[in-house]
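Student: Everything below, folded, please.
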Amino acid sequence: MIRRRAIRLAQLSDLHLVGETAALPFGQDTAASLAAVVEAFPARPDVVVMSGDLADDGSIDAYRRIRAMTADLADEVHSVPGNHDDPAAMYEVLGGRDDLGLVSLSRSWTMLLVSSQWAGHDAGHVAPETLAALDETLARRHRHVIVCMHHPPASTCDDPYCGIVNAAETRRVLHRHQRDRAVLSGHLHRAFDNSRDGIRFLGAPSTCCQLTHGGVPHFAPTSAPPAARLFDLHGDGAITYQTVSARFAHAG
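Tutor: Numbers count the residues shown, from 1 in each chain. Modelled structure (predicted):
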């Protein structure tokens, strides 16, 4: 447990690393872009959470590369699987397991790690037993809670691929609990910060590349640089952040 008043949490999302001999996703050297983003961090975070699509090919070799690049980045490194990930391989190399994980960050903050992976599908789904466990866990929390999953339960993209097929049910569970302050997600390769029924839904940029949605083709890379987010979780429940890219950083 970290005892600072404000917790510095780094969110890395949609890394899409591959084994050393595999084809590069999006034509990008994703290991180099991840290294460039991490190098741009203004200070060492307390905790890192990787919100899915860590590997593009789900290979053991990719997860080993990720571990080598992130193991010393913070005191604690956690992850949730995305649609490109192989959870068994990911957990074997990086640790962790189960569809709902609980991380005690401080006296004021708890982080919940929720799997939204739906095997064989690009879209997400939160299993009924995971939703039940999430509901029960949130009901017992007396601290501020930040939830992290890969697929956004409040997506900014209309395509079914973009979100969670049982998003409304997922949001109902989240909204029942006053301590639930924010939901962090990835998947879209697009940063956003929206509020709904008192909860902030914060989408992360990708350390690989950013994407547009809704054009032709529907998903296309943009000129925006690889990036990540650094959050400060304050003792009173406030959340502030900065978006850090390989070339510049700006506050949000």
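Student: Can you name the residues bridging to the nearest residue to P225 once chain neighbours are set aside?
Tutor: Spatial nearest neighbour of P225, chain neighbours left out: S245 (4.3 Å); criterion: CB to CB, 6 or more residues apart in numbering. Glycine gets a C-beta too; all of them are placed from N, C-alpha and C. With DSSP bridges as the criterion, S245 is bridged to A227.
Student: Pop out the phi and psi values for the most centrally placed residue in the chain.
Tutor: The chain has S51 as the residue nearest its centroid, 2.3 Å off, counting by CA atoms, centre = their mean. Taking degrees, to the nearest 10, you get phi -100, psi 50 for the backbone angles of S51.
Student: Would you check that my belief about it contacting L184 is correct?
Tutor: Yes: counting by CB atoms under 8 Å, S51 does reach L184; the two are 6.0 Å apart.
Student: Quick check: neighbours shared by these two?
Tutor: Listed contacts common to S51 and L184 are 11, 148-149, 204; contacts here mean CB atoms under 8 Å, 6 or more residues apart in numbering.
Student: And the contacts of the helix or strand where A10 lies?
Tutor: Taking DSSP states H and E as the definition, one finds A10 inside strand 7-12. With CB under 8 Å, 6+ apart as the test, strand 7-12 has contacts from 34, 37-38, 41, 43-51, 70, 73-74, 105-106, 109, 111, 146, 148, 184, 186, 204, 207, 228-233.
Student: So what pairs up with the residue nearest to the centre of the chain in the strands?
Tutor: Here S51, judged by DSSP bridges, has bridge partners V80.
Student: For it, give me its contacts.
Tutor: 11-14, 79-80, 82, 148-150, 184-186, 204.
Student: cool, and S195?
Tutor: Contacts of S195 (CB under 8 Å, 6+ apart): F201.
Student: hey, what's it bridged with?
Tutor: The partner residues for S195, given DSSP bridges, come to R200.
Student: could you dump the shared contacts of S51 and L184 to JSON lines with neighbour count, pLDDT and secondary structure?
Tutor: Formatted as JSON lines, the shared contacts of S51 and L184 follow (neighbours: other CB atoms under 10 Å; pLDDT from 0 to 100; DSSP: H, G, I helix; E, B strand; the rest coil):
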{"residue": "Q11", "neighbour count": "25", "pLDDT": "98", "secondary structure": "strand"}
{"residue": "C148", "neighbour count": "27", "pLDDT": "98", "secondary structure": "strand"}
{"residue": "M149", "neighbour count": "29", "pLDDT": "98", "secondary structure": "coil"}
{"residue": "A204", "neighbour count": "30", "pLDDT": "97", "secondary structure": "coil"}
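Student: Tabulate those residues (CSV), appending distance to Q28.
Tutor: Shown next, in CSV, are the shared contacts of S51 and L184 (distance: CB to CB, whole Å):
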residue, distance to Q28
Q11, 19
C148, 24
M149, 24
A204, 17
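Student: residue ranges with poor pLDDT in the stretch 151-252 of the chain?
Tutor: 214-219, 248-252 (pLDDT under 70).
Student: if we can go back for a sec, biggest separation within the contacts of S51, which pair?
Tutor: Greatest spatial distance among these (CB to CB): L12 and M149, at 14.4 Å.
Student: related to what we said a few turns ago, and the following helix or strand past the strand holding A10, how far out from the chain middle?
Tutor: Sequence order places helix 30-39 as the next helix or strand after strand 7-12, per DSSP H and E. Distance of helix 30-39 from the chain centroid (CA atoms, centre = their mean, to the nearest Å) equals 16 Å.
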